[in-house]
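[1] Here you go, sequence then predicted model.
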Amino acid sequence: MAKRWKKQEITYLKRYAEKKHVAELAERFRTNNDEVSRKLTELGLEAKDSATIRALPPDPQLGIFEKGLKALHQSKWREASKYFEKILQETGESDLAQSSRRYLGVCRQNLLKGGVNVEDPFLLAVYESNRGNYEEALALCSRGGRQSKDERFAYLAASVYSLTADLDKASKFLALAIELNPKNRIHAYHDSDFEALRDSSEYGHLFD
């Protein structure tokens with residue numbers, strides 16, 4: 001069923017569309033990317049990433065992302081977390097991954113506030129990283145040697161070390177994450193958390 005756009009929503013689009021990504025607008029208006037894109041076209045507007053989205057082939061991960069948003073809007077925090085975690089593991093599209101990481105943090109925060117028993121240490125580690133609690137995130141990654149045998153924890157540890165400017169350790173764990181799953185090279189190339197590592201002449205080869 002097509003969304004019925006309210007006057008104030010259209011006013012918001014006209015004022016802020018160019019400063020927002022399509023996914024961000026979809027989340028704000030509790031709808032999907034296609035609805036937002038159609039309305040933007042109708043109004044002769046473009047979002048921040050409209051040109052990029054048009055240039056890309058259809059991404060099956062968008063459907064997973066929209067399911068995650070739907071579950072998020074319904075306060076189904078655990079269900080939404082599973083969708084966003086799946087995207088973080090599989091997608092190489094930067095905006096999608098960054099949005100998923102942010103929404104995953106929201107889910108973890110609400111799960112913890114609600115006194116829910118958090119069973120997935122990876123999701124909890126992502127949550128701690130998102131809130132800037134890097135020491136706890138790294139502790140969760142290293143517990144039981146996870147970061148040395150699980151590509152998810154290796155990748156997350158690498159991103160935290162990159163954010164904290166410990167490039168030697170960041171490169172070590174990113175190399176391991178890539179060894180465990182070559183797709184992580186693509187993820188890291190698009191991930192803003194690795195900006196310091198990408199800009200380093202010593203470690204730039206990890207992204208080639």
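    Alright, I've got the coordinates. Numbers count the residues shown, from 1 in each chain.
[2] Tell me where this protein has helices.
    7-16, 22-28, 33-43, 50-55, 61-73, 77-90, 94-113, 121-130, 134-142, 146-149, 151-163, 167-180, 183-190, 195-198 (DSSP state H).
[3] Show me which residues of the longest one are buried.
    Same thing as helix 94-113. Under the neighbour-count criterion of 16 or more other C-beta atoms under 10 Å, helix 94-113 has 94-101, 103-108, 110-111 buried. Where you see a C-beta, it was placed from the backbone N, CA and C, and this is true even at glycine.
[4] one step back: where among the helices of the chain is the average confidence lowest?
    Ranked by mean pLDDT, the helices of the chain end with helix 50-55 in last place, scoring a mean of 57.
[5] Among the buried residues of helix 94-113, which one sits closest to Glu179?
    Within the buried residues of helix 94-113, the smallest distance to Glu179 is 20.3 Å, found for Ala97 (C-beta to C-beta).
[6] roughly how far apart are that closest one and Lys6?
    Per C-beta to C-beta, to the nearest Å, Ala97 is found 31 Å from Lys6.
[7] where's Ser129 relative to Phe194, distance?
    Ser129 is 13 Å from Phe194, by C-beta to C-beta.
[8] neighbours around the residue nearest to Ser129 when sequence neighbours are not counted, how many?
    Using C-beta to C-beta, 6 or more residues apart in numbering and skipping residues adjacent in sequence, the residue nearest Ser129 is Ala137, 4.1 Å away. Ala137: 24 surrounding residues under other C-beta atoms under 10 Å.
[9] how about Ala137, what does it touch?
    Ala137 is in contact with Ala125, Val126, Glu128, Ser129, Leu156, Val160, counting by C-beta atoms under 8 Å, 6 or more residues apart in numbering.
[10] Just the buried residues out of those, in PyMOL syntax.
    One line in PyMOL is enough to select the buried ones among the contacts of Ala137; burial here means 16+ other C-beta under 10 Å:
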select buried, resi 125+126+128+129+156+160
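[11] Any chance of TSV for the contacts of Ala137, columns distance to Leu62?
    TSV is the format used below for those (distance: C-beta to C-beta, whole Å):
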residue	distance to Leu62
Ala125	26
Val126	21
Glu128	27
Ser129	24
Leu156	23
Val160	27
